[in-house]
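# fold the following.
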Amino acid sequence: MTPNGYLQLAFYVVVLIAASVPLGAYMANVYEGRSAATRLGAPLERLIYRLCGINPGEEMHWTRYALATLWFSLFGVLAVYALQRFQAFLPLNPASMDAVSPDSSFNTAVSFATNTNWQGYGGESTMSYLTQMLALTAQNFVSAASGMAVLVALIRGFARQSSQTVGNFWVDLTRSTLYILLPLSFVLALVLVSQGMPQTLSAYHTVPLVESVEFDNPKLDKAGQPLKDDKGNPVTEKAIQKEQVIAVGPVASQIAIKQLGTNGGGYFNVNSAHPLENPTPLSNFLEVLAILLIGAALCHTFGRMVGDRRQGWALQAAMAIIFVVLLAVCAGAEQAGNPALSKLEVDQSASAVQPGGNMEGKETRFGVVNSALWATATTSASNGSVNSMHDSFTPLGGLVPMWLMQLGEVIFGGVGSGLYGMLVFAIVAVFVAGLMIGRTPEYLGKKIEAYEIKMSAIAVLVPLIMALGGTAVAVMLEAGRAGVANPGAHAFSEILYAFSSAGNNNGSAFAGLSANSPFYNTALGVAMWFSRFWVMIPVLALAGSLAAKKKVPAGLGTLPTHTPLFVFFLIGVVVIVGALTFIPALALGPVVEHLSTH
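Have a look, this model is predicted:
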């Protein structure tokens, strides 16, 4: 990799960490009601509560908090499903989009309500403007805010003592949206518009081509299926393309929150590789920065709200170390190039006249370094947006984003969900440490007992079961194998990647898998639902249990959880859980594929 590449990666990490500190402090003040923003927005906040019949002063037990989260998310699923099914009859549909199929509507509704934003469709050819705004963009806000609300409830569990409540879901949801996500998205959307990203309700534009293009167009039968001759070959006819339709719409408003809320669902089919969804190097940097910004900042929010900022720095350090190491592996593997081309003595080194490395599936505007950075960031968070095709990465380059998801997406992770996932691992880490020294484990003054370990185990195991179980079912069934476009180990990698993505609420994919089928739409939808809420519920149960406990003073046998020793111990627990669980599956996919190339 060139010095310029190292400089770009280092600059990104420095800006991310530096920007996370003041944002984390601001969010802590928002949730504790001490921010100037909450004072200025108090009239609007009270109006929202009055219109919705909410008593903001009423605290909730963790079970009621969980029920509110579930009912709100279920309403979101039903609303998004209905808007897709009836979009042909609704306004703001200048391209006259038909209703989305039932299985695709179900998959998309669950996907956006769970902050996964897996897409088995092309946005510009499937969704109307109304569906993009009222269904998808709205869910980008509230699904992200739901994850942040659950995290805040868990933080209160650590901060409070002898309490039966963990806060009010509706207040946490409102404040996350009103004071954090909306202002940040508004500013980012304005900057993206300045870079050339569309934000309009006008119809798609039809423009003439500079040169006409002649091609063979497949003939279709009355059912819309390709015709074939007696030998099974497709029947085609000559056609000439003289003009092109340019899809536009309310793009910037959706892209801003898709990145900040770690949603990832793109307005266009090729996501942030599309020139109108990611026009310039500046837009590329700001978008990939936005992916991890709130997740990194919430570490400092946690430290401030529990009264010990060192705890936030320790968690962020553990995340950053894993992120930087895997970023180096991914970028190095892609910059090394394709071994198959090396055998042909093709020069793949970076120079003044070529970018070098493995450029298949990558935007020439961004190159290897920014593609590897995006792939690592988007799978560290539960984001799933892409500016290159992960399916075209080298086996080791593709293994990195896959494994980052399989770690539970706790390396910064989704907004809220990433940090509460890492806190679950921290509880496991202090439990293991307690066994090693023969003392009752403690974390932030709270004793970690059997109930907390059971809830932590559920939160850790459910995504693993969804990822590996779903992959096993898809590989065994003909409907699952029918979706792959490649043979051998890479086909297995495509299926494993899809269920790792759905099972950890990421949303990215290996593009070689045709997932817009009844089997994959249903199976992945189920995986996304269980992975979201069968983690949220144990986390809220942890919050309730911890809030009810008294704090115990630190003693000689207490493990300090803000030191470098604990940081590396926590890293070890996260990596070992991921390694022991997924190495057999990875050995059948990217590892075998890598060995076969040599």
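
# helix, strand, or coil at the residue lying closest to residue 177 once chain neighbours are set aside?
Spatial nearest neighbour of residue 177, excluding adjacent residues (Cβ to Cβ, 6 or more residues apart in numbering): residue 145 at 4.6 Å. All C-beta spots, glycine's among them, are computed from the backbone N, C-alpha and C. Secondary structure, DSSP: H, G, I helix; E, B strand; the rest coil: residue 145 is helix.

# residue 145 reaches residue 181, doesn't it?
Yes - contact criterion Cβ atoms under 8 Å: residue 145 and residue 181 qualify, at 6.2 Å.

# which neighbours do the two have in common?
Residues touching both residue 145 and residue 181 (Cβ atoms under 8 Å, 6 or more residues apart in numbering) are residue 261.

# which residues of the stretch 101-250 of the chain fall in strands?
Here the stretch 101-250 of the chain has its strands, by DSSP state E, counting those that start in this stretch, at 205-218, 236-246.

# redo those as JSON lines? Include mean neighbour count and distance to residue 373.
Compiled in JSON lines, the strands of the stretch 101-250 of the chain are given as follows (neighbours: other Cβ atoms under 10 Å; distance: least, Cβ to Cβ, whole Å):
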{"stretch": "strand 205-218", "mean neighbour count": "10", "distance to residue 373": "32"}
{"stretch": "strand 236-246", "mean neighbour count": "11", "distance to residue 373": "29"}
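
# looking at these, which is closest to residue 513?
strand 205-218 (22.3 Å; Cβ to Cβ).

# CA atoms only: put the closest one into CSV for me.
Coordinates of the C-alpha atoms in strand 205-218 are reproduced here as CSV (Å, rounded to 0.1, in the frame of the first residue of the first chain):
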residue,chain,number,x,y,z
HIS,A,205,-35.2,12.6,-16.4
THR,A,206,-34.9,11.1,-19.9
VAL,A,207,-31.8,12.3,-21.7
PRO,A,208,-30.3,11.4,-25.2
LEU,A,209,-27.2,9.4,-25.4
VAL,A,210,-24.1,10.9,-26.9
GLU,A,211,-23.8,7.7,-29.1
SER,A,212,-26.6,5.2,-29.8
VAL,A,213,-25.9,1.7,-28.5
GLU,A,214,-27.0,-1.5,-30.4
PHE,A,215,-27.6,-4.6,-28.4
ASP,A,216,-29.4,-8.0,-28.3
ASN,A,217,-32.6,-7.7,-26.4
PRO,A,218,-34.2,-10.9,-25.0
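
# in the sheet, which strands lie alongside it, parallel or antiparallel?
strand 236-246 (antiparallel) (DSSP bridges).

# can you tell me what sits against the following helix or strand past the partner strand?
Next along the chain after strand 236-246, taking DSSP states H and E as the criterion, comes helix 251-260. Where contact means Cβ under 8 Å, 6+ apart, the residues beyond helix 251-260 that reach it are 117, 132-133, 136-137, 140-141, 144, 181, 184-186, 188-190, 192-193, 197-199, 263-268, 272, 276-277, 287-288, 290-291, 293-294, 383, 385, 415.

# buried subset of these, written for PyMOL?
This is the PyMOL syntax for the buried subset of these, where burial follows 16 or more other Cβ atoms under 10 Å:
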select buried, resi 117+132+133+136+137+140+141+144+181+184+185+188+189+192+193+197+198+199+263+264+265+266+267+268+272+276+277+287+288+290+291+293+294+383+385+415
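
# so which of the contacts of helix 251-260 sit within helices?
Under the assignment DSSP state H, the contacts of helix 251-260 contribute 140-141, 144, 184-186, 188-190, 192-193, 287-288, 290-291, 293-294 to helices.

# buried residues in stretch 20-29, which are they?
By 16+ other Cβ under 10 Å, the buried positions in stretch 20-29 come out as 20, 21, 23, 24, 25, 26, 27, 28, 29.

# list the contacts of it.
35, 37-38, 180, 293-294, 296-301, 303-305, 312, 316.

# tell me the spacing between the residue nearest to residue 177 and residue 179.
Plainly put, residue 145 is 10 Å away from residue 179 if you go by Cβ to Cβ, to the nearest Å.

# quick one on the thing from earlier: the residue nearest to residue 177: how many residues sit nearby?
25 (other Cβ atoms under 10 Å).

# list the contacts of it.
Applying Cβ under 8 Å, 6+ apart, the residues contacting residue 145 are 172, 173, 176, 177, 181, 261.

# and residue 16, by the same measure?
Residue 16 neighbours (Cβ under 8 Å, 6+ apart): 289, 292, 293, 296.

# pretty sure the first one contacts residue 12?
Spelled out, that is residue 289. Yes - with contacts counted by Cβ under 8 Å, residue 289 reaches residue 12, the gap being 6.9 Å.

# so residue 500 belongs to a helix, correct?
Yes - Residue 500: assigned to a helix according to three-state DSSP.

# follow-up on the earlier one: and the residue nearest to residue 177, what pLDDT?
pLDDT, residue 145: 97.

# any idea how far it is from residue 201?
Applying Cβ to Cβ to residue 145 and residue 201 gives a distance of 25 Å.

# please apply the same query to residue 310.
Taking Cβ to Cβ, one finds residue 310 at 49 Å from residue 201.

# run through the strands of the chain in chain order.
With strands called from DSSP state E, the chain shows them at 205-218, 236-246, 442-443, 446-447.

# who wins for proximity to residue 85 among the ones you listed?
Here strand 236-246 is closest among these (Cβ to Cβ), at 24.9 Å.

# what pLDDT, on average, does that closest one get?
On average, strand 236-246 scores 90.

# and if you look at stretch 272-282?
94.

# same thing with stretch 523-532?
94.

# again, but for stretch 346-359
84.

# flag every buried residue along it.
So stretch 346-359, judged by 16+ other Cβ under 10 Å, has buried residues 348, 350, 355, 356, 357, 358, 359.

# over to stretch 61-73?
61, 62, 64, 65, 66, 68, 69, 72, 73.

# now do that stretch: everything it contacts.
60, 113-114, 142-143, 146, 149-150, 153, 164-170, 173, 532-533, 536-537, 540-541, 543-545, 547.

# now the contacts of residue 16 in TSV, with distance to residue 553?
Formatted as TSV, the contacts of residue 16 follow (distance: Cβ to Cβ, whole Å):
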residue	distance to residue 553
289	41
292	36
293	36
296	31
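
# ok, how many other residues are close to residue 558?
18.

# tell me who's in contact with it.
Residue 558 neighbours (Cβ under 8 Å, 6+ apart): 439, 442.

# switch the cut-off to 7 Å
residue 442 (Cβ atoms under 7 Å, 6 or more residues apart in numbering).

# how near is it to residue 310?
14 Å.

# what's the answer for residue 56, then?
Taking Cβ to Cβ, one finds residue 56 at 32 Å from residue 310.

# more crowded one of these two?
Set side by side, residue 56 and residue 310 show more neighbours around residue 56, with 16 against 12, by other Cβ under 10 Å.

# now do that one, the pLDDT please.
94.

# would you list the phi and psi of it?
With angles defined as degrees, to the nearest 10, residue 56 sits at phi -70, psi -20.

# export only the CA atoms of the helix or strand of the chain with the lowest mean pLDDT, formatted as CSV.
Lowest mean confidence among the helices and strands of the chain (mean pLDDT, DSSP states H and E): helix 339-343, at a mean of 81. The C-alpha trace of helix 339-343 is given here as CSV (Å, rounded to 0.1, in the frame of the first residue of the first chain):
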residue,chain,number,x,y,z
PRO,A,339,-3.2,-14.2,-7.3
ALA,A,340,-4.7,-15.6,-10.5
LEU,A,341,-3.5,-12.5,-12.3
SER,A,342,-0.1,-12.7,-10.6
LYS,A,343,0.4,-16.1,-12.2
